[in-house]
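Novice: Provide a 3D model corresponding to the input given below.
(4 chains)
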Amino acid sequence: MEIAGIFKYLYEKLASTGLSQAWVDIISYSVAALIVFGFLAVVALFLVWWERKISAHIQQRFGPMRTGWHGWLQTIVDMLKLIQKEDITPATADRPVFYWAPIVAFVAAFMAYVTIPFGAGLIVSDLNIGILYIIAITTFTIISLLMAGWGSNNKYALLGGMRSAAQVVSYEVPMVLAILSVVLFAGSLSMVQIVESQAKIYQWYIFRLPFGPIAFIIYLIAGTAESNRTPFDLPEAEQELVAGFNVEYSGMKFAMFFFAEFVNMFTIAAIGTTLFLGGWQGPWLPSWVWFMLKTLALVFVLMWFRWTFPRLRVDQLMEFSWKFLLPVSFANLIIAGWMKYSKWFNW
Amino acid sequence: MSAPFRTEEFLVNMGPHHPSTHGVCRFLLTMDGEVVVKAVPYIGYLHRALERICENRTYHQCLPVLDRFEYCTSMSCEYAFCLATEKLAGIQAPERAEYLRVIMLELNRIASHLIWYGTTSLDLGAVTPFLYGFREREDILDLFEMTCGQRLTYNYIRIGGVSRDIPPEFIPKLKEFIEKFPRKVDDYEKLLTENPIWIVRNKNVGILSKELALGYGVSGPALRASGVKFDLRRDDPYSLYDRFEFDIPTGTVGDCYDRYLVRMEEMRQSLRIVKQALEQLPAGDIKTKLPPNFKPPKGEVYSRIENSRGEMGIYIQSAGDSKKPLRVKMRGGSYNQLQVMPEIVKGGKIADLVAVMASMDIIMPEVDR
Amino acid sequence: MDKAALTKYILDKFAGKVDLLDTGKVEPVFRLESDFLLEFCRAINSDETLHIDFLCNIAGVDTGERFEVVYSVASVKNRIRFDFKIAMAYENAEVESVQSVWPGANWHEREVWELYGINILNHGNLTRFLLPDNWDQGYPMRKNWDAPDFVRMPES
Amino acid sequence: MKKLLSAIKNLVVGLFTTGKHLGRHAVTVQYPTEKWTMPERSRGIVVLLSDKETGELNCTVCMLCMRACPTAAIDIQYDKDEKGKRILKDFVVDHGLCCFCGLCEEACNFAALKMATKYEFSTLNKEDLVWHTDKLQEVGRDVPYEKPERKKPEAKAAAKPAVKAEAPTEPPKDTATAETAVNPGKPSEELKPLTEENKENPGEGN
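Specialist: Okay, the predicted model is just below:
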């Protein structure tokens, strides 16, 4: 609430300086974008550290401990190291493609945050097609992975890129269908309105039996696949493809992929929170705290998955999506539609 | 109809430095997309000429070399060599020494299987089991270090006995380990055995038929998983293995999952043997005194033991007038298991190749020597 | 089948073609001529009493006077194990491949060829695999092989 | 459906197994700041031991360790004094070659060298791994050890003539090799008089 207020105050201040409306918009949105960028950079750094800590504690290790309290500075130090590293481009690489791939990944990962409501009124732009926009933007990630795979001119990278394309395309479908069932109920594509439609805890879509939990699980599975994490981390399956699409990347370009991956994971969790867990809604605490808590809880679940499960094989991955998730999500959509139509459980 | 969809096969060099080749092994894969059409293993990247080195060392000096033959189960390498030499020279180790050997061998088998468990799960994408496996392995290595002073290259089992008696704190610590290890194995099993992802990754992958296994000389858990109930500890007993009760787990299909189950069960059985050996452990001498100039008489022997990776055989030929062996040939289980791999990975995915390689428990130094 | 019975059985079955050596310390070691090898292997493989289905090991040996190729075989079914060997002079050392009987002999034979220079007839895939592909310094397991960086132990 | 349920159940079981470990203490240690105490028998770097009172090296230049070493990591250089007794000039251990098998320690009958429990000796130069007498002695100063008992005189006297007859030109020839080393603390009959002999009647040996 307070942060949104500050932003509004800035906007009004700018408007009162006599600049034209276009300039006011440009400046204020740039500031908003920068704030979101900075926030996400911090979040990504935190998530990297957190993941390392969680994995370490699951495995009864310490994880990073040296830099700062329990190694909280570790990712920053890593970042500094990666910046200093030599940026290697393979001699036979397709240079422009190779060069642009991490940037596309980076930008696509950040663009999604335009329509994610971090709190009540805390949103860069409440598009009326919000969720559609996010789905469209996050899908950009595949293009970057394909570009990386192709541009590296490496067989492992190519295999990784191809895998990721196939994987993301196949998991997009059940994911969208799961989201659609929520949209059907909310009656809007706008993220803010979706959140507002679940004001009470029993209105959260995850609790709307029977379709809610199923849609949530489908979303979670597909989201794990979308963000290329175990058990669906085939594009970069270390034991098969060494590092998959980013096998040839080093230095800052690698860091950009790395960042994009963690930002994507946060995106998946944030969308999950918005759609199923009531977004920023919650008692006592400020709205953005609730949002962060829920999102981080989902992120934790994703990490927990990663450090517990083995990896699927590529054909099994496809089979799982097309033969299992897709029919289930269709059925779920039908149930949701029927529920909406019959006003059954329509609280 | 349009023209048929045309694909092109391409070559992928998997290795020598690849995360899942367990050492440095190179597979030249002919791939049709994700499908392996042909896999040709290339070995020799870890070739250290151990056999030649042994020919240039005295029998005692061979033992540290043997430690490096197959470093996951150094004890059994040493033991195989000592057994061969003892057979050659007609020496019998004291009973206490034999019991200590059995304890060490079985503990080392568990340690080796734990490495296998860890690396296999790692190869199939699960990272956490890897560290759980290594956690318990550390306990075993602590026991070894306490006894012989090293964690990996023990140089403990000697010709005619063992180098040192166990320290007093060994037995309580071993008992503690025996106490807790079954629970840990349960934990391992909880993580993987029934996990649906694990099952689909391993079931019916890399099926090794009985005939193929025997023809290619595949031995050990891989052979048993194919349904051949053959364990040298029971079928060609060496040391004191005929005094212990243990089961020989076998599989039915011979796929990766069977190999997994067989090895998991073997850990439990090994622990059973350790327990029995500890109960029966007699007091007494730990070493047969060897003549100062130890020269085995002229002769040759091929002696084999059951290693965690299969039949470990040492062929020694002695000229009779030298302190150095004329010829030492080491035969490890991995050698034949790697050899059979091209046959069973054909037509599978590249991920299956990784799964098969992991489940065969191939360790490259044993192949290359 | 115990050791004595096994020895007797083999000596009877292949009378005149197989000799028993006295070097075998635990298991019997037979010696046969190189032209009889393949026939012998097929016979012991298909023989019901022996049923040698498992080839443990093939070891090349350079005794300093001659080459030997030692085959260690076993029967998983009948729990039999014995060795047999072929001795040959240094010149034109060659031996028949036994892959047709035990396909697992492939790599063992390649190794014998690569490290000792004993030619394996009808092998089909005699290419270097332990040594570098462009190896041209002879056969490193032969007793007379030497290299400038070959570290000799102090005389003991 | 049943399969699906059991699959989900087992996934959850897996999750709980890892979750259970999440709260447990780490089993690892923070290495450079925290260290395990090495077991007493642990085989680390080779050090030379010196007498507690006099501070002199225990080494008698019998060369047994050098012969026992399977990697030729030990090199002993010595002078001979006018009586022919060997005086240690330089005792070199190349830790880069050493395989830490412990055979030298077992070969030694005079507690002259030991594989100490120390293990941190990495350097930036390969050459720095070659340690000479002074460094080996310095590092070995605080290494506890037990001095083996001296041999009984009667055994020496009994075996003396035999050795004299052999009159080895190079003192520790075949008799003093790795083989005798396998029985630490129990030097073989043949070895005992020889080394003792060399000590007492140095002229005999060479």
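Novice: can you tell me how far residue B:84 sits from residue D:31?
Specialist: When distance is defined by CB to CB, to the nearest Å, residue B:84 is 40 Å away from residue D:31. From N, CA and C alone the C-beta is placed, and that goes for glycine too.
Novice: which one of those two has more residues nearby?
Specialist: Summary of the neighbour comparison: residue B:84 and residue D:31, criterion other CB atoms under 10 Å in any protein chain shown, with residue B:84 having more neighbours (28 against 8).
Novice: quick one: that one from residue B:238, how far?
Specialist: The separation that residue B:84 has from residue B:238, given CB to CB, amounts to 10 Å.
Novice: shared neighbours of those two, which are they?
Specialist: With contacts taken as CB atoms under 8 Å, 6 or more residues apart in numbering or on different chains, residue B:84 and residue B:238 have residue B:303 as neighbours in common.
Novice: low-confidence regions, the stretch 151-300 of chain A specifically.
Specialist: Low-confidence segments of the stretch 151-300 of chain A, defined by pLDDT under 70, span residues A:237-238.
Novice: tell me how many other residues crowd the residue in the stretch 201-347 of chain A that chain B sits nearest to.
Specialist: Residue of the stretch 201-347 of chain A nearest chain B, by CB to the nearest CB: residue A:311 (2.7 Å). By other CB under 10 Å, the residues close to residue A:311 number 26.
Novice: and what of the one 5 residues further on?
Specialist: Applying the criterion other CB under 10 Å, we find 18 residues in the vicinity of residue A:316.
Novice: wait, it touches residue B:199, no?
Specialist: No - at 10.6 Å, residue A:316 and residue B:199 do not qualify as touching, with contact defined as CB atoms under 8 Å.
Novice: what pairs with the longest strand belonging to chain D, parallel or antiparallel?
Specialist: Ranked by residue count, the top strand of chain D under DSSP state E comes out as strand D:86-94. The pairing partners recorded for strand D:86-94 under DSSP bridges are strand D:74-80 (antiparallel), strand D:130-131 (antiparallel).
Novice: just name the most buried of those.
Specialist: Counting by mean count of other CB atoms under 10 Å in any protein chain shown, strand D:130-131 has the highest mean neighbour count of these, with a mean of 20.
Novice: average pLDDT for that one, rounded please.
Specialist: The predicted model gives strand D:130-131 an average pLDDT of 84.
Novice: need the contact list for the closest residue to chain C within the stretch 201-347 of chain A.
Specialist: Among the residues of the stretch 201-347 of chain A, residue A:242 lies closest to chain C, at 23.5 Å counting by CB to the nearest CB. Applying CB under 8 Å, 6+ apart to residue A:242 gives the contacts A:156, B:18-19.
Novice: for chain B, what spans make up the helices?
Specialist: Using DSSP state H, the helices of chain B run over B:50-55, B:59-67, B:74-89, B:95-123, B:128-148, B:170-192, B:196-202, B:210-215, B:221-225, B:232-235, B:256-280, B:333-345, B:350-360, B:364-368.
Novice: so which of the ones you listed is the most packed in?
Specialist: Most buried of the helices of chain B by mean neighbour count (mean count of other CB under 10 Å) is helix B:221-225; its value is a mean of 30.
Novice: which residues sit against that one?
Specialist: When contacts are taken as CB under 8 Å, 6+ apart, the neighbours of helix B:221-225 outside the stretch itself are B:208, B:213-214, B:230-231, B:248-251, B:253-255, B:258-259, B:261-263, B:266, B:308-310, B:333, B:337, B:359-361.
Novice: model confidence for the closest residue to residue D:7 other than its chain neighbours, exactly?
Specialist: With CB to CB, 6 or more residues apart in numbering or on different chains as the measure, residue B:196 is the residue that lies nearest to residue D:7, at 3.8 Å, once sequence neighbours are left out. The predicted structure scores residue B:196 at 84 on the pLDDT scale.
Novice: quick check: residue B:196 touching residue D:9?
Specialist: No - contact criterion CB under 8 Å: residue B:196 and residue D:9 do not qualify, at 9.7 Å.
Novice: whatever residue of chain A ends up closest to chain C: what's it in contact with?
Specialist: Nearest to chain C in chain A, going by CB to the nearest CB, is residue A:155, at a distance of 21.7 Å. Contacts here follow CB under 8 Å, 6+ apart; on that basis residue A:155 touches B:10, B:12.
Novice: try 6 Å
Specialist: residue B:12 (CB atoms under 6 Å, 6 or more residues apart in numbering or on different chains).
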